[in-house]
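Q: Compute the structure for the input listed below.
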Amino acid sequence: MEDLTNNNNSNTKANDNGKILFVGGKGGVGKTTTSSALAVHLASDLNNGDQNVLIVSTDPAHSLGDALDVKLSGDPLVLDDPLTGGRLTAVEVDTDQALDDFRSMMEAFDVQKLADALGVQPGLLQDLGLGEFGDLLSNPPPGLDEVVALSNVLDSAENGSYDIVIVDTAPTGHTLRLLALPTFLDGFLGKLIELRAKLSGFASTLQAFLGNAEANQRAQTIDSALSKLENFKRRISKIKGILSDSNKTNFVIVTVPTTLGVSESKRLYDELRSQGVQVTDIIVNQCVDSMLPGDDSNEEALKRYYSRRVAGQQSCLKSLKSAAQEVSDSGEYQQNGGGTVQITQTPFFDVELVGAPALSYLGKTCYLDNPAFEHLMHGNGK
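A: The predicted structure is shown next:
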């Protein structure tokens, strides 16, 4: 990532040749922390420059605002901290709103609604090939909301003069769907736009029967719907081009040094490569440096680290127990079955728990004699 962190003011803006950096990987490996740290560093005075950075979260379970310690929404927020000096903008995409916008646009091609607007029988439009597109409205493919939201943000970013856009993606499965959907949508929307000639011919037929004024009004209904669709296709095609442009787009895989983390990272890397997406970096979090025998300074540092971790965990556990008790005491919780929200503390293991024997050991150690899980362990389901 040297080309990103070494700012020599040679970068042009995002609407020209500015960089776009996707950060992805397995859930819980520190993607958001990594993304946020990169964004702050690139925008900060410590980087000896004035790069304007936009960081975007596409994860439906947003935590970008938590990492930056600000309240974020679907509207870009310029951070006003002294370190970044107004050069860092953050946004958590509103996937629900994006999906509503897409449905609103596609409703113009709903056979029944379009037939009503044109004053014709739905069967005539079915014969033109419009019927097959109805399912996309009622059953949108997984990840569509994220793609639409991302296209909205990147489209707006063109006017934001950003040197770098960092995309904090959802866990691997979501990310792969996000990366594959632009190709699917590009082909799908292309088919729909091919209907322009058929619909235009249909409008001409209406004109012959209805006269100019009424026919023109109905033709405008078709043109307006197609215009919106072509604009959306342009944005989706742009995402498709961005993802495969290695000069503009980098993909950083974030992982942890565990068997599961490495295995999923390999799968992600292979999938990205198969889709023509360039992986430029792999960041491995939670690494523990080896200690030299007899090095007192390392031992003291390890003791201090351990003490800080224990204190931090105790503080978090106290907060969690308080919240659980508050929920347990609430009237709504009691009305829905009552009881108390139980908290089980699982110890830290110095080896990875992979495979049935190791996982069985974890289960016996933490759950077998645990009253909170007794109803599951004895199989009575009560």
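
Q: which parts of stretch 64-80 are buried?
A: Buried residues in stretch 64-80, defined by neighbour count with 16 or more other CB atoms under 10 Å: 64-65, 67-68, 72, 76-77, 79. In short, each C-beta sits where N, CA and C put it, glycine included.

Q: Looking at those, which two lie furthest apart in space?
A: 67 and 76 (16.3 Å; CB to CB).

Q: give me the number of residues near the nearest residue in space to residue 78 that is not next to it in sequence?
A: Spatially, and ignoring its direct neighbours in sequence, residue 78 is nearest to residue 89 (5.1 Å; CB to CB, 6 or more residues apart in numbering). Using other CB atoms under 10 Å, residue 89 has 21 neighbouring residues.

Q: Give me the phi and psi for residue 89.
A: Taking degrees, to the nearest 10, you get phi -120, psi 140 for the backbone angles of residue 89.

Q: can you check residue 328 too?
A: phi -60, psi -30.

Q: contacting residues around it?
A: By CB atoms under 8 Å, 6 or more residues apart in numbering, residue 328 lies in contact with 339-341.

Q: follow-up on the earlier one: could you dump the buried residues of stretch 64-80 to JSON lines with distance to residue 325 and secondary structure?
A: Formatted as JSON lines, those follow (distance: CB to CB, whole Å; DSSP: H, G, I helix; E, B strand; the rest coil):
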{"residue": "64", "distance to residue 325": "29", "secondary structure": "helix"}
{"residue": "65", "distance to residue 325": "26", "secondary structure": "helix"}
{"residue": "67", "distance to residue 325": "27", "secondary structure": "helix"}
{"residue": "68", "distance to residue 325": "30", "secondary structure": "helix"}
{"residue": "72", "distance to residue 325": "29", "secondary structure": "coil"}
{"residue": "76", "distance to residue 325": "38", "secondary structure": "coil"}
{"residue": "77", "distance to residue 325": "34", "secondary structure": "strand"}
{"residue": "79", "distance to residue 325": "35", "secondary structure": "coil"}
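
Q: what's the closest of those to residue 304?
A: Of all those, residue 304 sits closest to residue 67, with 24.4 Å by CB to CB.

Q: The closest one contacts residue 34, doesn't it?
A: No. Counting by CB atoms under 8 Å, residue 67 stays clear of residue 34, with 9.6 Å between them.

Q: count of residues packed around the closest residue to residue 254 other than its chain neighbours?
A: Leaving aside its chain neighbours, residue 254 sits nearest to residue 25 (4.0 Å; criterion: CB to CB, 6+ apart). For residue 25, the count of nearby residues is 25 (other CB under 10 Å).

Q: Quick check: of the contacts of residue 328, which has the highest neighbour count?
A: Of all these, the highest neighbour tally under other CB under 10 Å goes to residue 341, namely 15 neighbours.

Q: Now that one: closest residue in space, sequence neighbours ignored.
A: Closest residue to residue 341 apart from its sequence neighbours, by CB to CB, 6+ apart: residue 324 at 4.1 Å.

Q: Tell me the pLDDT of that neighbour.
A: pLDDT recorded at residue 324 is 82.
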